[in-house]
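> Give me a model of this one.
(one chain, ligands or ions: 1)
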Amino acid sequence: MSDMIVHSRLCSNFPDLLFGMSTRKGGVSPEPLGMNLSFNVGDDPRNVEENRARFFGAMAIPQSRLAFPKQIHSGTVRTVREPGMYADCDALVTATPGIFLAVSIADCVPVFLFEPVIRSVAAVHSGWRGSKQRILAEAEQTMHSEYGANSADMLAFIGPCAGGCCYEVGEEVASQFNDEFVIRDQGKKPHLDLKAFNRALLIASGLKEENIEVSPDCTICNTLYHSYRRDGARSGRMYGVIGFAEEAAGVPGIGTQ
Ligand SMILES: [Zn+2]
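Numbers count the residues shown, from 1 in each chain. The predicted structure follows:
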């Protein structure tokens, strides 16, 4: 099995749902960039283009159908029906088949939601600032209010990100979170467990525990992933992408959207 794409166990039960997250492996950029998908980290654009062609090609997702949030560490969610770059937000929601939502990742928490009954998806970038603003709960609420998604039917994948094992924060950040999400060891700076925090937000929003999948992987201590904390300015970026495929031509229902 290739280590180029991280899959989700929950998503794999739905054949027309496309989901995957890239890693540091399978690309052409010089190390430590490897499979870097960002044009904004000083990588050669030709390498980034080749890397994107490889990752999105392996996902069978046309790059012309991608929608991206600008990712400004906000709590803002936007609903989209067209591909493109969406400024001033950190999460996108759609119910349009053939639109694929993509978030860029290097330590911040990526969360992907999908509701298979009404076929709506969300891609959420939730660093500590976004987490503090409860952007994930906002995304769930947007799927509900815009499309009638039901939280009891909703599934979630919390992807690889800075784990509680390594994610050291200052007291000024730790103090903004409930004690149950802060790990304190004698003589060490506090560590923040943002996976647990975001999982708790989903449960409070009405998702069932068995419908929430949490990656055990930490981007900082697992070199399969890019990590800004670990590699600093030399760090590349990964992408996670989710969306429902359009129905095949000739199948009833096409063109009725
Ligand atoms: Zn770690």
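
> only C-alpha atoms for contact and neighbour calcs from this point on.
OK.

> Tell me the backbone dihedrals of residue 180, please.
Per-residue torsions, residue 180: phi -70, psi -10 (degrees, to the nearest 10).

> wait, I meant residue 85
phi -100, psi 130.

> so what's the spatially closest residue to it that is not a sequence neighbour scoring on pLDDT?
Spatial nearest neighbour of residue 85, excluding adjacent residues (CA to CA, 6 or more residues apart in numbering): residue 68 at 4.8 Å. Residue 68 is assigned 98 on the pLDDT scale.

> Parallel or antiparallel, list what pairs with the helix or strand hosting residue 68.
Take DSSP states H and E as the rule and residue 68 turns out to sit in strand 66-69. Strand pairing for strand 66-69, determined by DSSP bridges: strand 84-86 (parallel), strand 100-105 (parallel).

> gap between that strand and the chain center?
Relative to its parent chain, strand 66-69 has a centroid offset of 11 Å by CA atoms, centre = their mean, to the nearest Å.

> got the contact list for it?
80, 82-92, 99-103 (CA atoms under 8 Å, 6 or more residues apart in numbering).

> Which of these are buried? Put it as a ChimeraX command.
Applying 16 or more other CA atoms under 10 Å to the contacts of strand 66-69, the buried members can be selected in ChimeraX as follows:
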select :80,83,84,86,88,89,90,91,92,99,100,101,102,103
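
> which helix in this structure runs the most residues?
helix 45-59 (DSSP state H).

> Which strand or helix spans the closest residue to the ion within the stretch 1-150 of the chain?
Here the stretch 1-150 of the chain gets closest to the ion at one residue, residue 107, 10.2 Å apart by CA to the ion. Assessed by DSSP H and E, residue 107 sits outside every helix and strand.

> Dihedrals phi and psi, it?
Dihedral pair for residue 107: phi 100, psi -40, per degrees, to the nearest 10.

> next one: the one 10 residues further on
In terms of degrees, to the nearest 10, the main-chain angles of residue 117 are phi -80, psi -50.

> Alongside the ion, which residues does the stretch 101-250 of the chain contribute?
Contact residues (CA under 5 Å from the ion) of the stretch 101-250 of the chain with the ion: 165, 166, 218, 221.

> Which residues are in contact with the third one?
What it means is residue 218. So residue 218 contacts 160, 161, 162, 163, 165, 166 (CA under 8 Å, 6+ apart).

> at 6 Å what do you get?
160, 161, 162, 163 (CA atoms under 6 Å, 6 or more residues apart in numbering).

> Also the first one?
By CA under 6 Å, 6+ apart, no residues touch residue 165.

> tell me the pLDDT at it?
96.

> Pull up the gap between it and residue 55, please.
29 Å (CA to CA, to the nearest Å).

> circling back to that earlier point, am I right that the residue of the stretch 1-150 of the chain closest to the ion is in contact with residue 164?
No: if you go by CA atoms under 6 Å, residue 107 and residue 164 don't touch, sitting 11.3 Å apart.
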